[in-house]
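Student: predicted model and sequence below, questions to follow.
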Amino acid sequence: MTWLDLADDAPFDAWTLPYGVFSTPGEEPRVGVAVGSWVLDLAPLAAVEGLDGAHLFAQRTLNPFLAAGWRAWDAVRGWVLELVAEEPRRESVEPHLVPLHDVELHLPFAIADYVDFYASQTHAENVGQLFRPDSPALPAAWRHLPIGYHGRAGTVVPSGTPIVRPSGLRRVGGAGSDVEFGPSLRLDIEAEAGFVVGTPSPLGSRVPVGAFEEHVFGMVLVNDWSARDIQSFEYVPLGPFLGKSFATSVSPWVVPLAALAHARVSPPSRSPAVADYLRDEEPWGLDVDFEVSWNGTVVSRPPLRDLYWTPAQQLAHMTVNGASLRTGDLYASGTVSGPRPGGSGCFLELTWNGAEPVTLADGSQRSFLEDGDTVSIIATAPGPDGTRLRLGEVTGAIAPSP
Ligand SMILES: O=C(O)/C=C/C(=O)CC(=O)CC(=O)O
Ligand SMILES: [Ca+2]
Ligand SMILES: [Mg+2]
């Protein structure tokens, strides 16, 4: 399938071909595609090949390429697939392969708006029980529409950025205790899939479920860091605010939707029947498996396939009121927690709000994040011919409160 010599443990294969922004010492950041253990430097290669639109790659963000639309995305992916598949191209391609370990990776696109959903039924039921023990586990609207909130686009950071422990007002001793200001004592993660909008839509128009592939370019891995103590004190009635806006990490490589063709599955059946604008004819459930490591110990494997609302429905919902889309909009699935044990997408659920700490490989116990802790989230999905694709990694370490 490729003339490249790909090690079994290489970060990527010759099919996923994710896009990112990289730089080498002394050179400007620019667009590349990851293949095996290399980055394909697209701008000079496109220039050599006389490709239309080579300028889209000599850029510090993916946004110009994202804005070029789905025909351009398809054409460039087709070209890159040829480059790595056809032996006669080897001579012209090889000079433009940069070893991944020699590059610095940047935020891949300038984030326009950031939305976060709440689409995992298991997660919503668990958080409902923990935060609102006297109410039904699922909010009344949950099965009718994909519940979400608007996050803070300016604090979306690339994988590897240190996460400074946030401070805020919270009740240290639980319900009824005094309100105190200080560093969060319940700092958590949320493993999510993020979807990247390429093609914008005008204000006042709706994007139907069926137009998902025309507007959304691809997927990133997201860690929506969450300060549970700050969040649970502040969130009624407007939802998450400072408990989540301090940082959201994304993986540096954007996996095009086209690479996920073999991962598509039917979403779970829904009852009651969904409103017309949310009806999905094409299955956009995704069989992506996440793996969450805490200081190197794998603590959970959340599955995306059970997500109640697909990214296609989330896009239709975000725009049904006429809200416009912009190139670079990011919307995340919501915490991915599977219905079976071992599938928790956050530590709030994994440790049942700290009541059931986990033991890491070094023997230490954890309920929430301590300073110096590192969390890494990776994901895989089915690829062509029974292969398993690696979809990258999002990682971050906790820095102490200043
Ligand atoms: O139910 C709540 O009050 C809060 C829920 C969350 O913290 C989850 C959230 O950010 C959305 C998600 O990731 O599923
Ligand atoms: Ca979230
Ligand atoms: Mg966040």
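Tutor: Structure received. Ligands and ions are numbered 1, 2, ... in the order given.
Student: from now on I want contacts and neighbour counts done on CA atoms only, so please keep to that.
Tutor: OK.
Student: need the pLDDT of residue 65.
Tutor: pLDDT recorded at residue 65 is 98.
Student: OK, contacts around it?
Tutor: For residue 65, the contact set (CA atoms under 8 Å, 6 or more residues apart in numbering) comprises 56-57, 72-73.
Student: out of these, who's the most crowded?
Tutor: Neighbour tally across the contacts of residue 65 (other CA atoms under 10 Å): the maximum, 24 neighbours, falls on residue 57.
Student: just list the residues touching it, thanks.
Tutor: Counting by CA under 8 Å, 6+ apart, residue 57 has contacts 30-32, 42-43, 65.
Student: can I get these in TSV including secondary structure and distance to residue 303?
Tutor: Shown next, in TSV, are those (DSSP: H, G, I helix; E, B strand; the rest coil; distance: CA to CA, whole Å):
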residue	secondary structure	distance to residue 303
30	strand	33
31	strand	30
32	strand	29
42	helix	33
43	helix	36
65	helix	30
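Student: reformat the residues you listed as CSV; add distance to ligand 3.
Tutor: Output for these, formatted as CSV (distance: CA to the ion, whole Å):
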residue, distance to ligand 3
30, 27
31, 26
32, 27
42, 32
43, 33
65, 26
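Student: can you pick the most crowded of those residues?
Tutor: residue 32 (28 neighbours).
Student: list the helices and strands the longest strand along the chain packs on?
Tutor: If you go by DSSP state E, the chain has its longest strand at strand 388-399. Other elements packing on strand 388-399 under the criterion 3 or more CA pairs under 8 Å, 6 or more residues apart in numbering; DSSP states H and E are strand 163-164, strand 216-223, strand 248-250, strand 374-382.
Student: adjacent strands (with direction) for that strand?
Tutor: When pairing is defined by DSSP bridges, strand 388-399 lines up against strand 163-164 (parallel), strand 374-382 (antiparallel).
Student: ok, which of those strands comes nearest ligand 1?
Tutor: Nearest of these to ligand 1, taken as CA to the nearest ligand atom: strand 374-382 at 14.7 Å.
Student: that closest one vs strand 216-223, what angle?
Tutor: 140 degrees (axes from the mean of the first three to the mean of the last three CA atoms, to 10 degrees).
Student: re earlier: residue 268 is nearest to which of the strands paired with strand 388-399?
Tutor: strand 374-382 (18.1 Å; CA to CA).
Student: so how far is the closest one off the chain centroid?
Tutor: Computed by CA atoms, centre = their mean, to the nearest Å, the chain-centroid distance of strand 374-382 equals 10 Å.
Student: what segments of the stretch 301-402 of the chain are strands?
Tutor: 330-332, 358-359, 365-366, 374-382, 388-399 (DSSP state E, counting those that start in this stretch).
Student: now these as a markdown table including mean pLDDT, distance to residue 321 and mean neighbour count?
Tutor: Below are the strands of the stretch 301-402 of the chain laid out as a markdown table (pLDDT from 0 to 100; distance: least, CA to CA, whole Å; neighbours: other CA atoms under 10 Å):
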| stretch | mean pLDDT | distance to residue 321 | mean neighbour count |
| --- | --- | --- | --- |
| strand 330-332 | 99 | 16 | 27 |
| strand 358-359 | 98 | 43 | 16 |
| strand 365-366 | 98 | 43 | 14 |
| strand 374-382 | 98 | 33 | 21 |
| strand 388-399 | 98 | 32 | 21 |
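Student: would JSON lines of those strands with distance to residue 174 be doable?
Tutor: Formatted as JSON lines, the strands of the stretch 301-402 of the chain follow (distance: least, CA to CA, whole Å):
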{"stretch": "strand 330-332", "distance to residue 174": "30"}
{"stretch": "strand 358-359", "distance to residue 174": "21"}
{"stretch": "strand 365-366", "distance to residue 174": "19"}
{"stretch": "strand 374-382", "distance to residue 174": "26"}
{"stretch": "strand 388-399", "distance to residue 174": "24"}
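Student: for the ones you listed, give me CSV that also has distance to ligand 1.
Tutor: Below are the strands of the stretch 301-402 of the chain laid out as CSV (distance: least, CA to the nearest ligand atom, whole Å):
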stretch, distance to ligand 1
strand 330-332, 8
strand 358-359, 20
strand 365-366, 19
strand 374-382, 15
strand 388-399, 16
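Student: select, out of those strands, the one closest to residue 220.
Tutor: Using CA to CA, the nearest of those to residue 220 is strand 388-399, at 8.1 Å.
Student: and for the closest one, what's in contact with it?
Tutor: 11-13, 15-16, 158-165, 221-223, 249-253, 255, 369-383.
Student: if we use 6 Å, what do you get?
Tutor: 12, 159-164, 250-251, 371-383 (CA atoms under 6 Å, 6 or more residues apart in numbering).
Student: again with stretch 288-301
Tutor: In contact with stretch 288-301 (CA under 6 Å, 6+ apart) are residues 302-304, 342-344, 360-361, 373-381.
Student: ok, now with 8 Å
Tutor: By CA under 8 Å, 6+ apart, the residues outside stretch 288-301 that reach it are 191, 263, 302-305, 342-345, 360-361, 373-382.
Student: what does the average pLDDT come to for that stretch?
Tutor: pLDDT averaged over stretch 288-301 gives 98.
Student: how long is it end to end?
Tutor: This stretch, stretch 288-301, spans 10 Å end to end (CA to CA, to the nearest Å).
Student: so which bits of that stretch are buried?
Tutor: Buried residues in stretch 288-301, counted by 16 or more other CA atoms under 10 Å: 288-295, 299-301.
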